[in-house]
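Novice: need the 3D shape of this:
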Amino acid sequence: MNDPGLVRILSTRLREAPRQLREAGSLRVWLLYLPGPGPYLMSWLRRRWVILRNPHATIRFHGPAYLGPGFSLDMPKGGTLIVGPGVEFRRGFRAEFGGPETTIRIGAMACFTYDVVIQCTSSIEIGEHCQFGQATLVVDGNHRFRDTSRPMMAQGYDYTPLRIADHAVVTTKCTIVADVGERTFVGANSVVSRPLPAFCVAAGAPAKVLEYFGPAGGEPPELSASTRAHAAGPALEA
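Specialist: Next up is the predicted model:
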């Protein structure tokens, strides 16, 4: 065992096992529920399975990652998935790859809760410490629909590489089809159809910037002067 990171993780879990067993109240609960060993064993098996099932694709996990129940990769034509250390796919995660050149990169410590779906044909890059709420869709393309002589499904797609920056938070039931800036917080049920700047709160369909909380002078132009003053609080008004 030559991986010092893995050795450190295993030794930490061994030290914490007696305390976790006491808190669980029974050996069965500790074995079958997180943070017990059962879910991590199943995660390891899922990891081996997706690699075995897709020998024609490039799948790399750089360090430990938790692959929860329902983890699924659809890669019939190949593609590339790169996952950083500490990423958590809790339950029902699915990624669909459109072709051999498709690339999805997920940064360290990102967290996907329940039933998050990524559909990619070009490339999608997700930064470190990003979080995704339940039933969120991340997609790099849109249907064409303006040709009135053909059905929508016969018109094809427009694809644009997508980037979600570090520490971005996408909450429940959002649809993301454009870039999201660093630490930007996207409210539930939002549709991000245009790029969102960094350090913002955004919500709506389509999503609009509601507040800015980043460094002074970096306010996005779409915020009106009155909105910026309100977001800054009494110090600015004084």
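
Novice: going forward, measure contacts between C-alpha atoms and count neighbours the same way
Specialist: OK.

Novice: where are the low-confidence patches of this protein?
Specialist: Applying pLDDT under 70 to the chain flags residues 1-10, 224-238.

Novice: for it, which segments count as helices?
Specialist: Secondary structure of the chain by DSSP state H: the helices cover 4-24, 27-32, 37-53, 225-232, 234-237.

Novice: other SSEs contacting the third one?
Specialist: Taking 3 or more C-alpha pairs under 8 Å, 6 or more residues apart in numbering; DSSP states H and E as contact, the helices and strands that helix 37-53 lies on are helix 27-32, strand 65-67.

Novice: what pairs with the last one, parallel or antiparallel?
Specialist: This means strand 65-67. Applying DSSP bridges, strand 65-67 is found paired with strand 87-91 (parallel).

Novice: in the strand it pairs with, what's buried?
Specialist: Under the neighbour-count criterion of 16 or more other C-alpha atoms under 10 Å, strand 87-91 has 87, 88, 89, 90, 91 buried.

Novice: what's next to stretch 44-59, contact-wise?
Specialist: For stretch 44-59, contacts defined as C-alpha atoms under 8 Å, 6 or more residues apart in numbering pick out 66-67, 71-73, 75-82, 100.

Novice: excluding its backbone neighbours, what's nearest residue 62?
Specialist: Excluding the flanking residues, the one nearest residue 62 by C-alpha to C-alpha, 6 or more residues apart in numbering is residue 84, at 5.0 Å.

Novice: number of residues surrounding that neighbour?
Specialist: By other C-alpha atoms under 10 Å, 19 other residues sit near residue 84.

Novice: ok, now residue 117?
Specialist: Residue 117 - counted by other C-alpha under 10 Å - has 20 other residues nearby.

Novice: likewise for residue 210?
Specialist: Using other C-alpha under 10 Å, residue 210 has 16 other residues around it.

Novice: hang on, it packs against residue 204?
Specialist: No. Here residue 210 lies out of contact with residue 204, judged by C-alpha atoms under 8 Å, at a distance of 9.6 Å.

Novice: now distance to residue 61 too, for the buried residues of strand 87-91, in a markdown table please.
Specialist: Converted to a markdown table, the buried residues of strand 87-91 look like this (distance: C-alpha to C-alpha, whole Å):
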| residue | distance to residue 61 |
| --- | --- |
| 87 | 9 |
| 88 | 12 |
| 89 | 13 |
| 90 | 16 |
| 91 | 18 |
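
Novice: which of these lies closest to residue 159?
Specialist: residue 89 (25.4 Å; C-alpha to C-alpha).

Novice: list the contacts for that closest one?
Specialist: 65, 66, 67, 68, 71, 111, 112, 113.

Novice: quick one: the residues you listed as a markdown table, columns for distance to residue 138 too.
Specialist: Below are the contacts of residue 89 laid out as a markdown table (distance: C-alpha to C-alpha, whole Å):
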| residue | distance to residue 138 |
| --- | --- |
| 65 | 20 |
| 66 | 20 |
| 67 | 18 |
| 68 | 19 |
| 71 | 16 |
| 111 | 14 |
| 112 | 11 |
| 113 | 13 |
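
Novice: tell me the buried residues within the residues you listed.
Specialist: Among the contacts of residue 89, the ones that count as buried by 16+ other C-alpha under 10 Å are 65, 66, 67, 68, 71, 111, 112, 113.
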